[in-house]
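K.L.:
the sequence and its predicted three-dimensional model are supplied below.
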Amino acid sequence: MSVTQSNRGSASAYELVKGSREFGTLRRRLGYYVVPMTGMFLAWYFLYVILAAFAPGFMRISVFGDINVGLCIGLLQFASTFAIAIGYGRWAPRHFDPLAAKLRLRLEKGRRP
Amino acid sequence: MTRSAAHVQAAHVQAAHVQAAHVQAAHVQAAQTVGTPAVNIAIFALFVAATLVIAVAASGGNRTTTDYYAGGRAFTGRQNGIAIGGDYLSAASFLGIAGLIALDGYDGFLYSIGFLVGWLLVLLLVAGPLRNTGRYTTADVLDLRLRAVPVRAAAATSTLVVSLFYLLAQMAGAGGLVSLLLGVHSAQGQDATVAVVGLLMIFYVLVGGMKGTTWVQIVKAVLLTIGAAVATVWVLARAGFSLSALLGHAAAASPAGRAVLGPGLLYGVNTVSKFNFVSLSLALVLGTAGLPHVLMRLYTVPDAAQARRSVVWTICMVGVFYLFTLVLGFGAMWLVGAKQIESAPGKENSAVPLLAFHLGGTVFLGLVAAVAFATILAVVAGLTITASASFAHDVYAGVMRRGPGNESRADPEDEIRVARITAVVIGLIAVVGGIYAKDIDVAFLVALAFAVAASANLPSILYSFFWPRFTARGALWSIYGGLISAVGLIIFSPVVSGGSTGLGGAGPSLISDPHINFAFFPLDNPGIVSIPLAFFLGWLGSVTDKNVSDPARFARMQVRALTGIGAERGSRG
């Protein structure tokens, strides 16, 4: 609880952590994963939206029977969403959580003399 | 403002009369098409009784605020993920999207993709940091970063506004659904049903708290998925398990023909409707990460890793469900037909129930209808607990009862008492609003809630996690700017006045008299303007603020957001 009600004194402890090399690694690791991923899925989604709104003719091209390009791209949106979600769900416990836990434990120890 | 409000009111009365006439006209036909009300009522009653037992059994003492608001933080990621799915898949998803597909084909499918893809934003940028830095509400997060009481009040205001819009949409949907399924066609009968929904929801929330509400949502989510899966397999079996054949049959049965298989029927009419669609898509994909009732559920798990797991589960569940609605929508287009759907009370919302009746007769209809009803109850309960927590925790404890050092002087028992009273008040507002709003299109209200959530909530959440220079003034500008511009643009859009909406040019405005026209904003959905504006205002308010951002606070925020230090952990943590 003492951590929750932090004051200026403990905030500067946070600044020390924030400046540490390990926290930098943690932040970069997460950033390198989630930022490009977010950019990619948003770009891919808006490409789809723009195609649906402004290129309906393209979306109507038949791929197989009554299944057209629009339906395929739509279903690919589902596939990419599942893939990103499951991929992140697997990546984070391996590459992010252990380092975060290590830093947290060290902070908790440092705080309780 | 008051004049236009009076106009709105007058138009509503008018619209209500028109609607009542429609309902009566549809009565004769509908009575023959939707099975036996007695069977439906029996199945409904069984469902309600079962969920009440669950809520009571699961409640297990809501003594602390953590119990009441966050279910003791004892749910696993999987349980919570399914519950979030139950919270998210509202009547608008289940009935609305399938109905839109049944009438407009592909363009209905576009809705479901926006509703799904938006979850990635929650997963990648919001879930973990939010769980690590807040206790019960998103206002907690902003408060940790900015330590400003007015920001807490602003965040609570936007939470309440978004929740109320969402709540009204669900209540309005309940009225229409019940009129279709229980043979309740009189206006009084529908009003009484809305009141019953409201009372049940108050009961769930008062007795069950977050734990009871969560279990109701889990049970509902499982039943909804099973029901939709059975109907989907059934439809596919009819089409020889060929998606192509199903689409072909559906297109052949539709008055629009093969046009239903591609985009454009609803949004491709003209340039305005195309931009309308882009605006809607923006609101859908960015709105989910700002929905307070979804975000609050992330606090019911022990830690950030479980919060992330919750969202992965939710994405899988919601995605599979939307794939079902694609089949169900085209199935209804083929087997039920646009003509019968449009003449039924509730119009496109009745497509799935009518399909269920076509497939499995009275009993299957009754089951699907009961699931739909449970859906509304569960979502409404989730919204009520979020709104009551926001008022009790943020407004009452965080603003009204704060001490000199900004700490709250309200004791937990007081806070829970206030939350319970608020739940009752919100329930009553929802009942009155639901009766009043039952003629408003459900999908419109939900899309508005998404636009407001994306404008008012999302920018300040993202800025407080990731932008070092964010200040309290930036937060206030962003929240109020987003809230006012989103709601304001809706008021001055074709949705409210001018005769007909831009959405395919077909829907009537709320004010159906075309002579009353104060719609200067051409789009139905404000997202394309209000969301960038809110991000811009957040930036502008911060960089022009004389009180520059405290680097120590940002350090604390980031370290806590990423490592989870200082986060309240759950009993399984």
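P.N.:
Perfect, thanks for sending it.
K.L.:
please name the residues that touch the most centrally placed residue in chain A.
P.N.:
Closest to where the C-alpha atoms of chain A average out (C-alpha atoms, centre = their mean) is residue A:34, at 3.2 Å. Under the criterion of C-beta atoms under 8 Å, 6 or more residues apart in numbering or on different chains, the contact list for residue A:34 reads A:88, B:124, B:125. All C-beta atoms are positioned from the backbone trio N, CA, C, and that covers glycine.
K.L.:
again, only this time at 10 Å
P.N.:
Residues in contact with residue A:34 (C-beta atoms under 10 Å, 6 or more residues apart in numbering or on different chains) are A:88, A:91, A:92, A:96, B:120, B:123, B:124, B:125, B:128.
K.L.:
selecting buried members of those residues in ChimeraX, what would you type?
P.N.:
This is how ChimeraX selects the buried members of the contacts of residue A:34, with burial counted by 16 or more other C-beta atoms under 10 Å in any protein chain shown:
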select /A:88,91,92,96 /B:120,123,124,125,128
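K.L.:
how much space between the residue nearest to the centre of chain A and residue B:167?
P.N.:
Residue A:34 sits 32 Å away from residue B:167, going by C-beta to C-beta, to the nearest Å.
K.L.:
next SSE after the lowest-mean-pLDDT helix or strand in chain A?
P.N.:
The helix or strand of chain A with the poorest confidence is helix A:8-19; it has a mean of 71 (mean pLDDT, DSSP states H and E). Downstream of helix A:8-19, the next assigned helix or strand under DSSP states H and E is helix A:21-54.
K.L.:
how distant is that following helix from the center of its chain?
P.N.:
7 Å (C-alpha atoms, centre = their mean, to the nearest Å).
K.L.:
CA-only coordinates of the helix or strand following that helix in PDB, if you can.
P.N.:
Towards the C-terminus, the helix or strand next in line after helix A:21-54, according to DSSP H and E, is helix A:56-59. Output of helix A:56-59 as PDB, limited to C-alpha atoms (Å, rounded to 0.1, in the frame of the first residue of the first chain):
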ATOM      1  CA  PRO A  56     -16.200  -2.200 -54.800                       C
ATOM      2  CA  GLY A  57     -15.500  -3.600 -58.300                       C
ATOM      3  CA  PHE A  58     -12.300  -5.100 -57.200                       C
ATOM      4  CA  MET A  59     -13.900  -6.600 -54.100                       C
END
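K.L.:
show me where the stretch 451-573 of chain B has helices.
P.N.:
B:458-466, B:472-491, B:527-543, B:551-563 (DSSP state H, counting those that start in this stretch).
K.L.:
include mean pLDDT and mean neighbour count when you put those helices into CSV, please.
P.N.:
CSV is the format used below for those (pLDDT from 0 to 100; neighbours: other C-beta atoms under 10 Å in any protein chain shown):
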stretch, mean pLDDT, mean neighbour count
helix B:458-466, 95, 24
helix B:472-491, 94, 23
helix B:527-543, 96, 21
helix B:551-563, 90, 23
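K.L.:
wait, which of those is closest to residue B:174?
P.N.:
Residue B:174 sits nearest to helix B:472-491 of all these, at 22.5 Å, using C-beta to C-beta.
K.L.:
tell me what angle that closest one forms with helix B:458-466.
P.N.:
Put simply, helix B:472-491 runs at 160 degrees to helix B:458-466, going by axes from the mean of the first three to the mean of the last three C-alpha atoms, to 10 degrees.
K.L.:
helix B:472-491 close to chain A?
P.N.:
No. Helix B:472-491 lies apart from chain A when judged by C-beta under 10 Å from any C-beta of the partner chain; the minimum separation is 16.3 Å.
K.L.:
how far does that helix sit from the chain's center?
P.N.:
The answer for helix B:472-491 is 20 Å, by C-alpha atoms, centre = their mean.
K.L.:
what packs against that helix?
P.N.:
Where contact means 3 or more C-beta pairs under 10 Å, 6 or more residues apart in numbering or on different chains; DSSP states H and E, helix B:472-491 is packed against helix B:2-33, helix B:138-146, helix B:149-181, helix B:442-452, helix B:458-466, helix B:527-543.
K.L.:
with just CA atoms, put that helix into PDB.
P.N.:
Below are the C-alpha coordinates for helix B:472-491, written out as PDB (Å, rounded to 0.1, in the frame of the first residue of the first chain):
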ATOM      1  CA  ALA B 472      -3.900  17.600 -16.800                       C
ATOM      2  CA  ARG B 473      -5.000  20.400 -19.100                       C
ATOM      3  CA  GLY B 474      -4.300  18.300 -22.100                       C
ATOM      4  CA  ALA B 475      -6.500  15.500 -20.500                       C
ATOM      5  CA  LEU B 476      -9.300  17.900 -19.800                       C
ATOM      6  CA  TRP B 477      -9.200  19.400 -23.300                       C
ATOM      7  CA  SER B 478      -9.100  15.900 -24.900                       C
ATOM      8  CA  ILE B 479     -11.800  14.300 -22.800                       C
ATOM      9  CA  TYR B 480     -14.300  17.200 -22.900                       C
ATOM     10  CA  GLY B 481     -13.400  18.100 -26.400                       C
ATOM     11  CA  GLY B 482     -13.900  14.600 -27.600                       C
ATOM     12  CA  LEU B 483     -17.100  14.200 -25.700                       C
ATOM     13  CA  ILE B 484     -18.700  17.400 -26.700                       C
ATOM     14  CA  SER B 485     -17.600  17.200 -30.400                       C
ATOM     15  CA  ALA B 486     -18.800  13.600 -30.700                       C
ATOM     16  CA  VAL B 487     -22.200  14.200 -29.100                       C
ATOM     17  CA  GLY B 488     -22.500  17.600 -30.700                       C
ATOM     18  CA  LEU B 489     -21.800  16.400 -34.200                       C
ATOM     19  CA  ILE B 490     -24.400  13.700 -33.800                       C
ATOM     20  CA  ILE B 491     -27.000  16.200 -32.700                       C
END
